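J.: I'd like to go over a predicted model; first the sequence, then the structure.
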Amino acid sequence: MKKGYLLLETGEIFPGTLIGSQEESIGEVVFNTSMTGYQEIMSDPSYAGQIIVFCYPIIGNYGVNANDFEAETLYAKGIITGEICNAPNHYSSQGSADILLKGSEVSGLTGVDTRELVKTIRKRGTVKGLITSDIKQFPTIAHSDFLVKEVSTSQPKTYENPGAHIALIDYGHKKSILHALLKEGCKVTLLPYDTTFNQVKALSPDGVVFSNGPGNPEELKDHLAEIKMISTHYPSLGICLGHQLIALAFGARTQKLLFGHRGGNHPVKETSTGKVFITSQNHSYVVKEESLDLSKFEVLFKNINDGTVEGIRHRNLPLVAVQFHPEANPGPHDTTYLFSAFLKSINERTEVMSYAIN
Ligand SMILES: NC(=O)CC[C@H](N)C(=O)O
């Protein structure tokens, strides 16, 4: 048991015991309030560059297994827990969370006062942190926010199925998004983040999904013109980073929240009906409502806790984008209907429809 620390760039020090690779690691410290789903959270590529603090006091009690990964590897920079369970008990368990961290070369810290740490982040906002075995000066390392390239597929990959053909633009997709589309019977072609309109056109897909992903959406500003062309010409669904990119592409702006929304029980309200859905979320940035062109878009969902934009719909195009994760995993399945609604919008699209570029 090796003693370690989480040093925050704002000066606070949180002692604990090193777990996982036990290596020194620096990242943006964010917290997740989900009570379950630690394996899916740890393997969600949207956490690239971040150190995840689990608010739930014990992590690892039901182990990890081959089916619950959201990506091939873990991209997070570290894991912080109150307690980690090294004797998991579940019929599907194939190993412990600590062994997974070690095998994936991800560092971590357990035995940390996560309540105090979360209160600190809520006060300070998201800050950088260093997992280390000794207390030292906080390093000044140039930090890149352009993480999408690291987590996106480098080559197109096709998953055959008899249904509608969906191009899934991969900014660091969670496998659950791919699986939700395959479950709808779709053929899916996974495409690199920098795929152009002409490359999409060459595939003649029936629709396009813009995936989740890590970092600041503004880092992808060079791709916005292509994103606008693609989402103007094909029925499109944006999820999380994909939602932010669509909003930016149509001239809106994004801003960083003080400490983001990460958890499995974020309530959102459908503005047209007042109906509330409980959603899974993981994001730092939001679309600024006042920057949306309301003659072209309507706000489809709003977060009940802080009133931020959780979804938008184009008034004339079959284009919907949501800030939360309809694919869940972890989290409630209240909004999985958005995938079938997307497929419906594709099937109802008639040949004569032609969309003017907005
Ligand atoms: N899950 C995501 O796609 C996250 C989007 C973006 N990186 C954010 O933090 O807001």
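T.: Good, I have the coordinates.
J.: okay but K288 is in contact with K256, surely?
T.: No: applying Cβ atoms under 8 Å as the test, K288 and K256 come out as separate, 10.8 Å apart. C-beta coordinates here come from the backbone N, C-alpha and C atoms, glycine included.
J.: Show me which residues of stretch 100-117 are buried.
T.: 100-102, 104, 106-112, 114, 117 (16 or more other Cβ atoms under 10 Å).
J.: Show me what the mean pLDDT comes to for it.
T.: Taken as a whole, stretch 100-117 has a mean pLDDT of 98.
J.: Just the residues contacting that stretch, thanks.
T.: 4-6, 14-25, 29, 31, 39, 42, 53-55, 57, 64, 73-74, 76-84, 98, 131 (Cβ atoms under 8 Å, 6 or more residues apart in numbering).
J.: Swap in 6 Å and give it another go.
T.: By Cβ atoms under 6 Å, 6 or more residues apart in numbering, the residues outside stretch 100-117 that reach it are 4, 6, 14, 16-17, 19-21, 23, 25, 53, 64, 73-74, 78-82, 84, 131.
J.: cool, stretch 211-222 as well?
T.: The contact list for stretch 211-222, computed with Cβ under 6 Å, 6+ apart, reads 46, 48-49, 145-148, 170-174, 177, 239-242, 244-245, 248, 254, 285.
J.: Keep only these that also lie close to the ligand.
T.: Checking these against the ligand by Cβ under 6 Å from any ligand atom, the ones in range are 46, 240-241, 285.
J.: Could you list which of those residues belong to strands?
T.: Within those, residues falling in strands by DSSP state E are Y285.
J.: Of the buried residues of stretch 100-117, which are in range of the ligand?
T.: With Cβ under 6 Å from any ligand atom as the criterion, the buried residues of stretch 100-117 include none near the ligand.
J.: Out of those residues, the closest to D206 would be?
T.: S104 (36.0 Å; Cβ to Cβ).
J.: Quick check: phi and psi at that closest one.
T.: Main-chain dihedrals, S104, degrees, to the nearest 10: phi -100, psi 0.
J.: Greatest separation within the ones next to the ligand among the contacts of stretch 211-222: which pair is it?
T.: S46 and Y285 (11.0 Å).
J.: who's more crowded, these two?
T.: Ranked by neighbour count (other Cβ atoms under 10 Å), S46 and Y285 place S46 first, with 29 against 21.
J.: residues touching the more buried one, list them.
T.: Per Cβ under 6 Å, 6+ apart, neighbours of S46: 172, 212-214, 282.
J.: What about the residues you listed, which are in strands?
T.: N282.
J.: Can you tell me which of the contacts of S46 is closest to G185?
T.: Closest approach between the contacts of S46 and G185, by Cβ to Cβ: N212, at 22.2 Å.
J.: How about the residues of this protein by the ligand?
T.: 46, 212-215, 240-241, 282-285.
J.: would you turn the residues you listed into TSV with pLDDT?
T.: Listed next are those as TSV, based on pLDDT from 0 to 100:
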residue	pLDDT
S46	98
N212	98
G213	98
P214	98
G215	97
C240	98
L241	98
N282	98
H283	98
S284	98
Y285	98
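J.: just those residues now: which is nearest P88?
T.: Among the residues of the chain next to the ligand, and counting by Cβ to Cβ, the member closest to P88 is N282, at 23.6 Å.
J.: Check the gap between that closest one and I121 for me.
T.: When distance is defined by Cβ to Cβ, to the nearest Å, N282 is 15 Å away from I121.
J.: Between those two, which is the more surrounded one?
T.: More crowded of N282 and I121, by other Cβ under 10 Å: N282, with 28 against 21.
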